[in-house]
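Q: Here is a sequence with its predicted model. Questions after.
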Amino acid sequence: KAGVTQTPRYLIKTRGQQVTLSCSPISGHRSVSWYQQTPGQGLQFLFEYFSETQRNKGNFPGRFSGRQFSNSRSEMNVSTLELGDSALYLCASSATSGRETQYFGPGTRLLVL
Amino acid sequence: AQSVTQPDIHITVSEGASLELRCNYSYGATPYLFWYVQSPGQGLQLLLKYFSGDTLVQGIKGFEAEFKRSQSSFNLRKPSVHWSDAAEYFCAVAKTSYDKVIFGPGTSLSVIP
């Protein structure tokens, strides 16, 4: 089976722009979760989707949003980018509704100038 | 509020030596606990998790962790470290298996040949 794929892998944006990141889970997996990793704040949970429903969201402003499609692919969107949004964004997929098993993608590295 | 501390920012061990990485959490009820490893070549991986039952859990790559409720700890151990174990290790806690997860700051492991 193919692993978790994230596109794009690298992205450069300027402040005020918006960005959409994509995550394709392992085939058959219905749960997708997103994480932000920065040197200052470390790893932080963004949100989790199961069967197109957002079940949990971390402590991030409303500029961060996401969705999951019927094929389990997920996108996250950040509007009005700030310098502090520069980070590695990771997504993970799970076969079940919990983290019984969890597989991470390689991440999208976003740089905001 | 939930929190996770990893007292050791960086640890260096010799190849073949035993390893113990410390993790302490703050949470009122029985937590769901996780250990993750992140290396440049393999990305982020779920090493093991504790949901309930036996307090000693086995994970991938020969790692194990022990949940000690009285000490609010979930320390990660490996009897014999390999050079490929050099990586960043993150402990995490959640209320349920799918709830938002709180990560510790991480412990960087270096392995001396």
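A: Thanks, I have it. What you see is a predicted model, and the numbers here were worked out from it, not measured in a lab. Numbers count the residues shown, from 1 in each chain, chains lettered A, B, ... in the order given.
Q: of all of chain B, which residue lies closest to chain A?
A: residue B:97 (3.0 Å; C-beta to the nearest C-beta). C-betas here are computed from N, CA, C, even on glycine.
Q: which secondary structure element contains the closest residue to that residue other than its chain neighbours?
A: If the residues on either side of it in the chain are set aside, residue B:97 comes closest to residue A:98, at 3.0 Å by C-beta to C-beta, 6 or more residues apart in numbering or on different chains. Using DSSP states H and E, no element contains residue A:98; it sits outside every helix and strand.
Q: doesn't residue B:96 make contact with residue A:98?
A: Yes: at 7.2 Å, residue A:98 and residue B:96 qualify as touching, with contact defined as C-beta atoms under 8 Å.
Q: More neighbours: which of these two?
A: Shown here are residue A:98 and residue B:96; by other C-beta atoms under 10 Å in any protein chain shown, residue A:98 has more neighbours (18 against 15).
Q: what about residue B:105, neighbour count?
A: Applying other C-beta under 10 Å, we find 16 residues neighbouring residue B:105.
Q: One more: residue B:12?
A: As a burial measure, residue B:12 scores 11 neighbours (other C-beta under 10 Å).
Q: Now do the contacts for it.
A: By C-beta atoms under 8 Å, 6 or more residues apart in numbering or on different chains, the contact set of residue B:12 is B:109, B:110, B:111, B:112.
Q: Hmm, residue B:11 and the second one touching each other?
A: Yes: Residue B:110 is in contact with residue B:11 according to C-beta under 8 Å; the separation is 7.3 Å.
Q: re earlier: just the contacts of residue B:12 that are near chain A?
A: Taking C-beta under 8 Å from any C-beta of the partner chain as the test, chain A is in contact with none of the contacts of residue B:12.
Q: Next up, the contacts around residue A:13.
A: A:19, A:81, A:110, A:111, A:112, A:113.
Q: Only the buried subset of these, as a ChimeraX command please.
A: Of the contacts of residue A:13, the buried ones go into a single ChimeraX selection, burial set by 16 or more other C-beta atoms under 10 Å in any protein chain shown:
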select /A:19,81,110,112
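Q: possible to save the contacts of residue A:13 as a markdown table with secondary structure?
A: Shown next, in a markdown table, are the contacts of residue A:13 (DSSP: H, G, I helix; E, B strand; the rest coil):
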| residue | secondary structure |
| --- | --- |
| A:19 | strand |
| A:81 | coil |
| A:110 | strand |
| A:111 | strand |
| A:112 | strand |
| A:113 | coil |
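Q: Check the contacts of residue A:13 against residue A:45 and report the nearest one.
A: Closest approach to residue A:45 among the contacts of residue A:13 (C-beta to C-beta): residue A:110, at 17.1 Å.
Q: ok, now which ones touch the closest residue to the closest one other than its chain neighbours?
A: Nearest residue to residue A:110, sequence neighbours excluded (C-beta to C-beta, 6+ apart): residue A:11, at 4.9 Å. Residues near residue A:11 by C-beta under 8 Å, 6+ apart: A:19, A:21, A:108, A:109, A:110, A:111.
Q: Perfect, that will be all.
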